[in-house]
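In: Turn this into a structure:
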Amino acid sequence: MSKKKWLTSFTAIALVGGLLVGCSGNKNNASSPSASASAPASQSASASPTASAAPAGPVDGGTITISTFSDIVNVNPLYVQDTASGDIQNLLYANLFDYDRNANVTVEPWSLATELPTVSADGKTYTIKLKSTPKWSDGQPVNADDLIYFINTVKNPAAGSPGISSFDKVDKLNKIDDQTVEIVLKQVYAPFLNALVTGIVPAHILKDVPLKDLQKNAYGIDPAKTVTNGPWKWTEWTQGQHITLDADPNYWGEKKPHIAKIIYKQYADQNTEVQAIIKGDTQMTEAIPVTQIEAVKKSANLSVILAPGPQYEYLGFNFKDANFPDKYSPFKGQKTRQAIAYAINRQGMVDNVLKGTGKLMNSPFLPGSWADPGDAATNYTYDAEKAKSLLKEDGWVAGKDGILAKDGHKFSFELQYNAGNSRREQVAAVIQQNLKDVGIEVTPKGIDFATWIDQNVTPGKFPALLLSWSLNNPDPDGESIFSSKYFPPTGQNSGWYKNTKLDDLWVKGQQTVDKTARAAIYKEIGKEISTDLPYVFLYQYGLPQVVDNATVHWADEDKPESTLAYGYLFHIINWWSDKK
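Out: This next block holds a predicted model:
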């Protein structure tokens, strides 16, 4: 789906959408991951996949232990919107379609569909044919009823799925036979093929659960009650400690997984993760602080993979008064938001926190992608004096303590981020000091990721946050996170931002098929959104992935792919491990 995901690793949802929220230091997917490779990565190293391969070739039965510092929230594909949950979902569930290394939609041996969908001449009808072999882990067949149930549920606001923006354009679903579904759209929807790169759920398990109860249902939360259809099945979850997946002996695919067991082991923070992989307690970590790269590279058996990825970090504002102690959002003035953008030393963050491995962003489109608005977007250089001037123009006046106030409200707010993320801790400290310099009081607060997403981010209950989006499909559509049609709980616009001009432009972009014409629309969006600023867009960044190449092996065509949202697990079904 075109939903985005929040990042949970070293930087900041894929579900039914294009965006993932991330704690990495990741979800709406905005721009082309493949195009993002043009951004520089001044500190990078690549694994040597062919050299690491064992001479005898793939072996079955090994274990891979992967570290994390964030727990999952829910692995039900209807509700995944963070990268921690998305990691597990991608191992437990087969997708309808998949991506190749260049972010093209494709059919793999492990995909549910037999071929790419056929599309009618008017662009509004998609026909999908499913393979006859896929089965759920309880032995029941995967069929048209599952796909129809999944789409009908996602698009129903009562279900509260974050992927609603990708499937609410569906008008009707026609079951042709047990393996064939015809999807009729209400309108031309250019991102729809990317929306179909998604897992689905078993209708026979969930069809009788009331939609209002579905998100809190044991399915997706309790391993014993979660029926899946991927190469691995979910066998254990000890919250805050580890998750265990075991290869499903009854997996339907012709190509079976070599790795028998996958363990996600949770640590307190990223620095502890680094020590664990250096000691050999784990075999892979999906993201470490860039400051730790040289320490890791001293270990001969560890490889670091780092390139700019499809993710960007942002400072997000909340526009709903109820989310502030004094029932007043200080972010409603456009000049105030622009002042904050000028007050923050973004280039200093790239230079000093990311060590030059990131690239500044001014809109939700990755630098170098076909939707990148370039100079049409406003660039906010670090200028504290200009920030002070704009704040004054917007009615903010310094009090005796030096903190600005307006209409009896002090300009003081809490900035939330996920605890254990060393990059965000540093960035939050920079924001705190930069804004203090212009009279704004900021209190950074780190919160456990799973708790934070569930209780604050998803329902839109926070003053301001520091987070990232992982663009888990290459289409630039960002309606699900910036349109006022998608406020919580039926969408990912968790800051309650409203701009009717942008609402209309997102729809215009969706209904335009020609890429050149679409690019012109996104250029206009980039200009408007960088002026109005629902976020301060900070930077695109890469996730330094570390792999123990003495025990984890893959063929060159199956090596990790940094430009994809879940590229660190690219073709993991073909990997193997020597560790028992």
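
In: measure residue 100 to residue 248 for me?
Out: 25 Å (C-beta to C-beta, to the nearest Å). C-beta: built from backbone N, CA, C; applies to glycine.

In: what does residue 439 give?
Out: With the distance defined as C-beta to C-beta, residue 439 ends up 58 Å from residue 248.

In: Break this structure down into its structural domains.
Out: The chain breaks down into these domains under automatic domain parsing: 42-93+220-308+544-577, 98-211, 311-539.

In: Same list (the ones you listed) but as JSON lines, adding mean neighbour count.
Out: Compiled in JSON lines, the domains of the chain are given as follows (neighbours: other C-beta atoms under 10 Å):
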{"stretch": "domain 42-93+220-308+544-577", "mean neighbour count": "20"}
{"stretch": "domain 98-211", "mean neighbour count": "19"}
{"stretch": "domain 311-539", "mean neighbour count": "20"}
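
In: Just send those domains back as a markdown table, with mean pLDDT too.
Out: Rendered in a markdown table, the data for the domains of the chain read as follows (pLDDT from 0 to 100):
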| stretch | mean pLDDT |
| --- | --- |
| domain 42-93+220-308+544-577 | 90 |
| domain 98-211 | 97 |
| domain 311-539 | 96 |
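
In: For residue 233, list each beta-bridge partner.
Out: When bridges are called by DSSP bridges, residue 233 pairs up with residue 246.

In: Now do the same contact list for it.
Out: Contacts for residue 233 (C-beta atoms under 8 Å, 6 or more residues apart in numbering) come out as 92, 137, 245-248.

In: Can you tell me which of the residues you listed lies closest to residue 120?
Out: Within the set of the contacts of residue 233, residue 92 lies nearest residue 120; the separation is 33.1 Å, counting by C-beta to C-beta.

In: Surely that closest one is in contact with residue 234?
Out: Yes - proximity of residue 92 to residue 234 meets the contact threshold set by C-beta atoms under 8 Å, at 5.7 Å.

In: what touches both of the two?
Out: 75, 226, 228, 245.

In: okay but residue 284 is in contact with residue 68, surely?
Out: No - counting by C-beta under 8 Å, residue 68 is not a contact partner of residue 284; they are 10.2 Å apart.

In: Give the phi and psi angles for residue 406, as a check.
Out: Phi and psi for residue 406, reported as degrees, to the nearest 10, are phi -150, psi 130.

In: Can you tell me which of the shared contacts of residue 92 and residue 234 is closest to residue 175?
Out: Distance ranking of the shared contacts of residue 92 and residue 234 against residue 175, using C-beta to C-beta, places residue 228 first at 22.9 Å.

In: Verify the contact between that closest one and residue 138 for me.
Out: No - if you go by C-beta under 8 Å, residue 228 and residue 138 don't touch, sitting 9.3 Å apart.

In: secondary structure class for the residue of the chain positioned farthest from its centre?
Out: Computed with C-alpha atoms, centre = their mean, the residue of the chain farthest from its C-alpha average is residue 400, at 42.9 Å. Under DSSP: H, G, I helix; E, B strand; the rest coil, residue 400 falls in the coil class.

In: swap in the one 5 residues further on?
Out: Under the three-state scheme (three-state DSSP), residue 405 adopts strand.

In: Test my guess that it contacts residue 395.
Out: No - taking contacts as C-beta under 8 Å, residue 405 lies outside contact range of residue 395: 9.6 Å.

In: Overlap of the contact sets of the two?
Out: Among the neighbours of residue 405, none is also in contact with residue 395 (C-beta under 8 Å, 6+ apart).

In: Which parts of the stretch 401-550 of the chain are strands?
Out: When assigned using DSSP state E, counting those that start in this stretch, the strands of the stretch 401-550 of the chain occupy the ranges 404-406, 409-410, 412-418, 441-447, 464-471, 535-542, 545-548.

In: which neighbours does the third one have in its sheet, and in what orientation?
Out: Using DSSP bridges, the neighbouring strands of strand 412-418 in the sheet come out as strand 441-447 (parallel), strand 464-471 (parallel).

In: Could you export those strands to JSON lines, including columns for distance to residue 339?
Out: Conversion of these to JSON lines gives the following (distance: least, C-beta to C-beta, whole Å):
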{"stretch": "strand 441-447", "distance to residue 339": "14"}
{"stretch": "strand 464-471", "distance to residue 339": "14"}
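
In: which ones are touching residue 130?
Out: Contact partners of residue 130, counting by C-beta under 8 Å, 6+ apart, are 96, 112-114, 142-144, 147, 179-181.

In: can you rerun that using 7 Å?
Out: For residue 130, the contacting residues are 112-114, 142-144, 147, 179, taking C-beta atoms under 7 Å, 6 or more residues apart in numbering as the criterion.

In: go on, residue 85?
Out: Per C-beta under 7 Å, 6+ apart, neighbours of residue 85: 72-75.

In: Check the gap between it and residue 223 for me.
Out: Separation of residue 85 from residue 223 (C-beta to C-beta) stands at 13 Å.

In: now do residue 341
Out: Plainly put, residue 341 is 44 Å away from residue 223 if you go by C-beta to C-beta.

In: With residue 184 instead?
Out: With distances defined as C-beta to C-beta, the gap from residue 184 to residue 223 amounts to 37 Å.

In: Angles on the backbone of residue 275, please.
Out: Dihedral angles of residue 275 (phi, psi; degrees, to the nearest 10) stand at phi -60, psi -40.

In: and residue 145, which of the three is it?
Out: Under three-state DSSP, the three-state class of residue 145 is helix.

In: Tell me which residues touch the closest residue to it other than its chain neighbours, please.
Out: Excluding its sequence neighbours, the residue lying closest to residue 145 (C-beta to C-beta, 6 or more residues apart in numbering) is residue 203, at 4.6 Å. For residue 203, the residues meeting the contact criterion (C-beta under 7 Å, 6+ apart) are 145-146, 149.

In: Across the sheet, point out what pairs with the closest residue in space to residue 77 that isn't next to it in sequence.
Out: Among residues not flanking residue 77 along the chain, residue 199 sits closest, at 4.0 Å (C-beta to C-beta, 6+ apart). With DSSP bridges applied, residue 199 shows beta-bridge pairing to residue 95.

In: Go ahead and confirm residue 199 touches residue 92.
Out: No - between residue 199 and residue 92 there is no contact, the gap being 8.1 Å when judged by C-beta atoms under 7 Å.

In: Show me where the stretch 101-250 of the chain has its strands.
Out: When assigned using DSSP E, counting those that start in this stretch, the strands of the stretch 101-250 of the chain occupy the ranges 105-106, 118-119, 125-129, 170-177, 180-185, 232-238, 242-247.

In: Quick one: the ones you listed as TSV, columns for distance to residue 428 too.
Out: As requested, the strands of the stretch 101-250 of the chain are exported to TSV (distance: least, C-beta to C-beta, whole Å):
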stretch	distance to residue 428
strand 105-106	37
strand 118-119	46
strand 125-129	43
strand 170-177	40
strand 180-185	42
strand 232-238	30
strand 242-247	28
